[in-house]
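Asks: just to be clear, the model below is a prediction. Sequence and coordinates:
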Amino acid sequence: MQLPPIESIRADVKRALTEDIGTGDITAQLIPEDKWAKAQIITRETGVLAGQAWANEVFAQIDSRVTLTWRAQDGDRLEPNQTILELEGPARALLTGERTAMNFLQTLAGAASVAREYADRVMHTSVKLLDTRKTIPGLRLAQKYAVTCGGCYNHRIGLFDAFLIKENHITASGGIQAAVEAARALAPTVLLEVEVETESELEQALSAQVDRIMLDNFTLEQMQAAVQRCQGEVSLEVSGNVTDATLVPIAETGVDYISIGALTKHCRALDLSMRLTDG
């Protein structure tokens, strides 16, 4: 995914600053207004950087006099004690923006780091790892961008840009064929994916000529059989029961995609720190 539109980034930052600053940073007011300072943000652990645009926007909205000099770029691997960003400007502005900027960087770099770990483990295969819609409310575009910084890929962005016909849709529509026909009539050029839980449903989805089939909770043996059955006819995605132990075996079955909610759902912030010095 490309960097989200600047309007989206500005809205993310404005919302975050509003909830943090409220009516004003009373602690920063203890510092003389004309006090100038420098700061560095360093990483305490290995990881992958993501979130530069959000950090830039934080200080742009607080005080345009703050200058940011990046020593690493989104997608770069990071090592412990590495300086990733140098800042200079009014001390009040640096301290007011510190937490919000760090929250964006730590959260997005955390997602990018997890994505890189997963991607590295299956790089000997041709599989593409996908994120899901299991994201922090309000930060979907940001998290999905971070996933791509780590070397994984995006599934649909939301409910509007692709069909994913699952069990309940199939039941409510009257079957796979009926659901697919309705989808093709509604939006014939949009990606159409159907989730199947049995080999019988797999055959129904193939007969309906869908674009992609999601194998939900298939065994490894069933995945391998599905790959042999569908090779060259339709792409296959695996979802459900994807863990550290099962990731590589699933990738080695030859499926085209594996969707993993943990890329964005199980958030662990990358350990970053900001150090302030006199200007």
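Replies: Yep, that arrived.
Asks: list the contacts of the residue most central in space within the chain.
Replies: For the chain, the residue sitting closest to the mean C-alpha position, by CA atoms, centre = their mean, is residue 144 at 2.8 Å. Neighbouring residues of residue 144 by CB atoms under 8 Å, 6 or more residues apart in numbering: 1, 131, 135, 154, 157, 264. To be clear about C-beta, it is placed using only N, CA and C from the backbone, and glycine gets the same treatment.
Asks: what helix or strand does it sit in?
Replies: helix 140-149 (DSSP states H and E).
Asks: related to what we said a few turns ago, which one of the contacts of residue 144 is nearest to residue 17?
Replies: Nearest to residue 17 out of these is residue 135 (CB to CB; 20.7 Å).
Asks: roughly how far out does the helix ranked longest in the chain sit from the chain middle?
Replies: With secondary structure taken from DSSP state H, the chain has its longest helix at helix 91-121. How far helix 91-121 lies from its chain's middle: 12 Å, per CA atoms, centre = their mean, to the nearest Å.
Asks: list the buried residues for it?
Replies: Buried residues in helix 91-121, counted by 16 or more other CB atoms under 10 Å: 91-119.
Asks: and the gap between the residue nearest to the centre of the chain and residue 157?
Replies: According to CB to CB, to the nearest Å, residue 144 stands 7 Å off from residue 157.
Asks: same check, this time on residue 189
Replies: Counting by CB to CB, the gap from residue 189 to residue 157 is 16 Å.
Asks: these two: which is more packed in?
Replies: Between residue 189 and residue 157, counting by other CB atoms under 10 Å, residue 157 is the more crowded of the two (16 against 6).
Asks: would you agree residue 29 is in contact with residue 95?
Replies: No - Residue 29 is beyond contact range of residue 95, at 10.4 Å (criterion: CB atoms under 8 Å).
Asks: helix or strand with the lowest mean pLDDT in this protein?
Replies: Of the helices and strands making up the chain, the lowest-confidence element is strand 272-278, at a mean of 90, by mean pLDDT, DSSP states H and E.
Asks: partner strands of that one, parallel or antiparallel?
Replies: strand 36-43 (antiparallel) (DSSP bridges).
Asks: ends of stretch 169-177, how far apart?
Replies: 11 Å (CA to CA, to the nearest Å).
Asks: pretty sure residue 84 sits in a strand.
Replies: Yes - counting by DSSP: H, G, I helix; E, B strand; the rest coil, residue 84 is part of a strand.
Asks: surely it and residue 42 touch.
Replies: Yes - the criterion here is CB under 8 Å, and residue 84 meets it with residue 42 at 6.7 Å.
Asks: those two: which has the busier surroundings?
Replies: Per other CB under 10 Å, whichever of residue 84 and residue 42 has more neighbours is residue 84, with 21 against 17.
Asks: contacts only, for the nearest residue to the more buried one once chain neighbours are set aside.
Replies: Take residue 84 and drop its neighbours on the chain: the residue closest to it by CB to CB, 6 or more residues apart in numbering is residue 72, 4.5 Å away. Taking CB under 8 Å, 6+ apart, we find residue 72 in contact with 49, 78, 82, 84, 85.
Asks: which of the residues you listed count as buried?
Replies: Buried among those (16+ other CB under 10 Å): 49, 78, 82, 84, 85.
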